[in-house]
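Peer 1: Structure, please.
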Amino acid sequence: MHLTVYTDYTLRVMMYLALKYPDGGVATIGEIAGAYGISRNHLTKIIHELSQAGLIGTTRGRSGGARLARPPGEISVGEIVRVAEKDFAVARCHDMTVVHDCAIFPACNLRRRLYRAVDAFLHELDTMTLWEAIAAPTVAASVLGVVDRRERIPVAVSRSQSGTRQRAGVRP
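Peer 2: Residues are numbered from 1 along each chain as shown. You can find the predicted model right below:
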């Protein structure tokens, strides 16, 4: 099984929005493109498709952007993958739009197992929520430059006894 780059980008968009969720959740295409180094054109298509599927909501205008339609703990990774992936055909015989030229096709039992394997794969993804897909939310937010406006950490700069500068973060 191989997921497309489009699905990879779709998962990244959803993870970015999950990190933004506690802070009101709105992110622009430009923000996401900058965080991941992904083309704005790709992201525009992804945002549109996620919106059509009801996974995100979008708002146009100056203070617009995209946000999750539900909390990240209520969205499964399997649901996202099903929206993004157009073809789960593992072998040519899975594709019902193609004429099968395989001599053993009528007697083949392999395709049934391949269907079951795809179902098992998707079932496994269904058991993981979008929020669970982010192993270390604080680290991920930091790496992507996502700021949670509710929890700013003031940084105090002081000098140690040796005269070097030290930074100390203090949570309010």
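
Peer 1: C-alpha from now on. contacts and neighbour counts both.
Peer 2: OK.

Peer 1: Please, where are all the helices along this protein?
Peer 2: Here the chain has its helices, by DSSP state H, at 5-20, 29-36, 40-52, 77-84, 110-126, 137-144.

Peer 1: do you know which of those helices lies nearest residue 67?
Peer 2: helix 5-20 (6.0 Å; CA to CA).

Peer 1: ok, and what's touching that closest one?
Peer 2: 25-27, 32, 42-43, 46, 66-68, 71-72, 77, 80-81, 84-85, 130-131, 133-134, 137, 140-141, 144, 146-148 (CA atoms under 8 Å, 6 or more residues apart in numbering).

Peer 1: State the distance from the nearest residue to residue 88 once chain neighbours are set aside to residue 65.
Peer 2: Excluding the flanking residues, the one nearest residue 88 by CA to CA, 6 or more residues apart in numbering is residue 118, at 7.2 Å. Distance, residue 118 to residue 65, using CA to CA, to the nearest Å: 34 Å.

Peer 1: More neighbours: these two, which one.
Peer 2: A direct count of neighbours by other CA atoms under 10 Å for residue 118 and residue 65 places residue 65 higher, at 18 against 15.

Peer 1: where does that one land on pLDDT?
Peer 2: pLDDT recorded at residue 65 is 92.

Peer 1: who's it bridged to?
Peer 2: residue 59 (DSSP bridges).
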